[in-house]
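>>> Could you look at this predicted model? Sequence included:
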Amino acid sequence: MIEVIGLHKQFADNILYKDYSISFTAPRVCIEAPNGQGKTTLLMMLAGLEQAQRGQVLFSGKVLSEPYKQVAIASDRIALPEFLTAKQIINLSAKALSCHWPMGLIDGFNFTEFLNTRFDALSSGNQKKCQLILALMRDAPYLLLDEPSAALDQTSIQYLLDLLDKYLVDKAHGQIIITCHEPAPFIEHGFECMPL
Amino acid sequence: MSKLVISSTITQYRAFMDYRYQAYKIELTQLLQQLKNFGLLFLVVLGSAMLGMILLLFLGLGKIIDSSEAPQYGAQMAWLYLLLQSVMLSAMKSAIKNSQQRLFQYTIVRSTWLACMDIKLLLLSNAWLLASAVIALDLTFTQWLRAPHFILFMLLQFGLGVLCLYKPRALIYGLGFTAVLVLLPINITSLVYHSSFIVLFALSMLLPVFLLNDRLSVNSLFTFWLSFFIQHCWVLVWRVALLLCVFMATTTLLLERADLAAIFSVLALAFIVLFTSSLQFDCGKLHDKYSLFFQANNQQRWFFISQFIPSCLFFFITLLSYLLFVAKIGWLLLSLSVVWCAVQLYIAQKKPAHYALAWMVITGLLLALIA
């Protein structure tokens, strides 16, 4: 279970979260909120990639000192090196995190033919696939996906849904949190919808 | 074609021309604004030295024209001019071509008009070619007979401008090949040197595109930075070009006034520190952009440290080249320059707005100390 307690986050004078608390109890959660409400920022803070001014995030009751070791995230907010090819980016991450080359994910997303394309030359759908492959290959217990179905074709959405169905099978305390503006397919696959 | 159609075509072309001039002016203003932001103080200092720099430009052209006694030196000077011109035009390329709206342009006019406007703006932007044209107009027939290679040099200036716009890779290959040629200890005339330049650049156009980056296996921070510099080599090329100018100027000044060697050494070191440590602005920008990616990869600490390594390496390689090929420097000054570079790197990272001021203050202090 992921718990957010007394979170305060503001950008200059714009207060995004003020003494905000929420518990994500369901194993698979879909956060729903209008644009600009701070969904992505919340995911980034859960992943430890953005710092809150106050408050804490508990994973199964504990504060993670190095959340990126147990939390994997895919978000447009994380800029990927656009001058590298997709293969080079995946390789760089795989080596850094001691992961195996994610052959299954690459095949599943029909991404093989785009591996040698520079990231900035990929279509937005393929950029999203690259982000998802990077997050999924880590097989981390906590998986955060920001708008995972945006720009994806139907086949890839179906593949993603199938993957997410099985993702938590070997992760007893694991959790998947996604943000999505079109949650219907995810709800059909057992995601619990939560407003922000 | 009826009169009406011709008149309508001319009006369309004029409208397109106005659009391109306007886009050119706007982008150039933005470019100058960026330079101004980079260091207003540099502009003040370099601005006052502008007249001297223009005179130096013409002096260099004189050396290229009158190179019958020392053709290799003349060819080296010509190569340096072509390199500097390429650096300048590369920076202006986007403004010349209006690259941001290139696809839009294709939808409104025929491609020959685009090429026509590109060339017009290229000629307008190429101050190096304009300077050569001014000299060329002033040459007498007898002088022309003694310097026929100057025509080829001007042709190269124009041709390299076109290559810069449409075949930048061939330009890089060509500059590499010609650099080897001017360094070879051979005895050929200036005309042969310039003809060889043309042949080498023409051959460079025929070479297949070699994408070194695609063959690189990026699996570490080292290969990440290597890949960045391979794909953004101009951030190094313009610095190397200016450092070559510093090296050549220092060599000449040391020959002319050996008694002022201490001052020239400080000035040379000042420019070495400036051009190498300023690389940190590019590396810092890259670090800021991709820090989240490396943080997610649990490499944020090493990625932070690694951003300083390219500038440090560049500084040490340049310093070593200076010591090997230009002049010796005392240990005290050498040690000071290392500390100075570290200070500039720190300021570039922490207080970039004070970078230029710090450089000038330290340069002034060192000059005052040795005076």
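Great, that's in hand. Residues are numbered from 1 along each chain as shown, chains lettered A, B, ... in the order given.

>>> any idea which helix or strand carries the closest residue to residue B:303 other than its chain neighbours?
Using C-beta to C-beta, 6 or more residues apart in numbering or on different chains and skipping residues adjacent in sequence, the residue nearest residue B:303 is residue B:294, 3.9 Å away. Quick note: C-beta positions are derived from backbone N, CA and C, even for glycine. Secondary structure assignment for residue B:294, by DSSP states H and E: helix B:279-296.

>>> Output the contacting helices and strands for whichever helix or strand comes after that helix.
Per DSSP H and E, the first helix or strand lying C-terminal to helix B:279-296 is helix B:300-306. Applying 3 or more C-beta pairs under 8 Å, 6 or more residues apart in numbering or on different chains; DSSP states H and E, one finds that helix B:300-306 contacts helix B:221-231, helix B:279-296.

>>> what's the closest of the ones you listed to residue B:353?
Ranking the helices and strands packed on helix B:300-306 by distance to residue B:353, with C-beta to C-beta as the measure, places helix B:279-296 first at 11.7 Å.

>>> The closest one - contacts with which helices or strands?
For helix B:279-296, the packing partners by 3+ C-beta pairs under 8 Å, 6+ apart are helix B:234-256, helix B:300-306, helix B:309-325, helix B:331-350.

>>> Tell me the confidence at the residue of the stretch 101-250 of chain B found nearest chain A?
At 3.8 Å from chain A, residue B:218 is the closest residue in the stretch 101-250 of chain B, using C-beta to the nearest C-beta. With respect to pLDDT, residue B:218 scores 90.

>>> ok, it - contacts?
A:84, A:88-89, A:91-92, B:224, B:227 (C-beta atoms under 8 Å, 6 or more residues apart in numbering or on different chains).

>>> cutoff 10 Å now
A:81, A:84-85, A:87-92, A:95, B:224-228 (C-beta atoms under 10 Å, 6 or more residues apart in numbering or on different chains).

>>> with these in mind, which one is nearest to residue B:85?
Of all the contacts of residue B:218, residue B:228 has the smallest distance to residue B:85: 25.3 Å, by C-beta to C-beta.

>>> is it true that the closest one touches residue B:310?
Yes - applying C-beta atoms under 10 Å, one finds residue B:228 in contact with residue B:310, separated by 8.6 Å.

>>> how far does stretch B:169-176 sit from the chain's center?
13 Å (C-alpha atoms, centre = their mean, to the nearest Å).

>>> ok, back up a step: got CSV for the helices and strands packed on helix B:300-306, with mean pLDDT and mean neighbour count too?
What follows is these, written out as CSV (pLDDT from 0 to 100; neighbours: other C-beta atoms under 10 Å in any protein chain shown):
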stretch, mean pLDDT, mean neighbour count
helix B:221-231, 94, 18
helix B:279-296, 95, 19
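
>>> just the strands in chain A please.
Here chain A has its strands, by DSSP state E, at A:2-11, A:14-24, A:28-32, A:54-59, A:71-74, A:142-146, A:175-179, A:192-195.

>>> Show me what the first one is packed against.
Packing contacts for strand A:2-11, counted by 3 or more C-beta pairs under 10 Å, 6 or more residues apart in numbering or on different chains; DSSP states H and E, involve strand A:14-24, helix A:39-46, strand A:54-59.

>>> closest one to residue B:252 among those?
helix A:39-46 (55.8 Å).

>>> any chance of the strands of chain A in TSV, plus mean pLDDT and mean neighbour count?
Below are the strands of chain A laid out as TSV (pLDDT from 0 to 100; neighbours: other C-beta under 10 Å):
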stretch	mean pLDDT	mean neighbour count
strand A:2-11	92	16
strand A:14-24	91	15
strand A:28-32	95	22
strand A:54-59	93	15
strand A:71-74	96	25
strand A:142-146	97	25
strand A:175-179	96	24
strand A:192-195	92	13
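
>>> quick one: which of the ones you listed is nearest residue A:111?
Proximity to residue A:111, assessed across these by C-beta to C-beta, is greatest for strand A:71-74 (13.8 Å).

>>> Direction included, what does that closest one pair against?
Using DSSP bridges, the strands paired with strand A:71-74 are strand A:142-146 (parallel).

>>> Enumerate the residues of chain A near chain B.
Those residues of chain A that sit near chain B, judged by C-beta under 10 Å from any C-beta of the partner chain, are A:44, A:47-50, A:66-69, A:71-75, A:77-85, A:87-98, A:116, A:118, A:134-135, A:138.

>>> one more time with 8 Å
Taking C-beta under 8 Å from any C-beta of the partner chain as the measure of proximity, chain A contacts chain B at A:44, A:47-49, A:66, A:68-69, A:72-73, A:77-81, A:83-85, A:88-89, A:91-93, A:95-97, A:116.

>>> Just the buried residues from those residues, in ChimeraX please.
If you want just the buried ones from those in ChimeraX, going by 16 or more other C-beta atoms under 10 Å in any protein chain shown, the selection is:
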select /A:44,47,48,49,68,72,73,78,80,81,83,84,85,88,89,91,92,93,95,96,97
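
>>> quick one, what contacts the closest residue to residue B:67 other than its chain neighbours?
Using C-beta to C-beta, 6+ apart and skipping the chain neighbours, the partner closest in space to residue B:67 is residue B:74 (2.3 Å). Residues near residue B:74 by C-beta under 8 Å, 6+ apart: B:63-64, B:66-67, B:190, B:193.

>>> again, only this time at 6 Å
By C-beta atoms under 6 Å, 6 or more residues apart in numbering or on different chains, the contact list for residue B:74 reads B:64, B:67, B:190.
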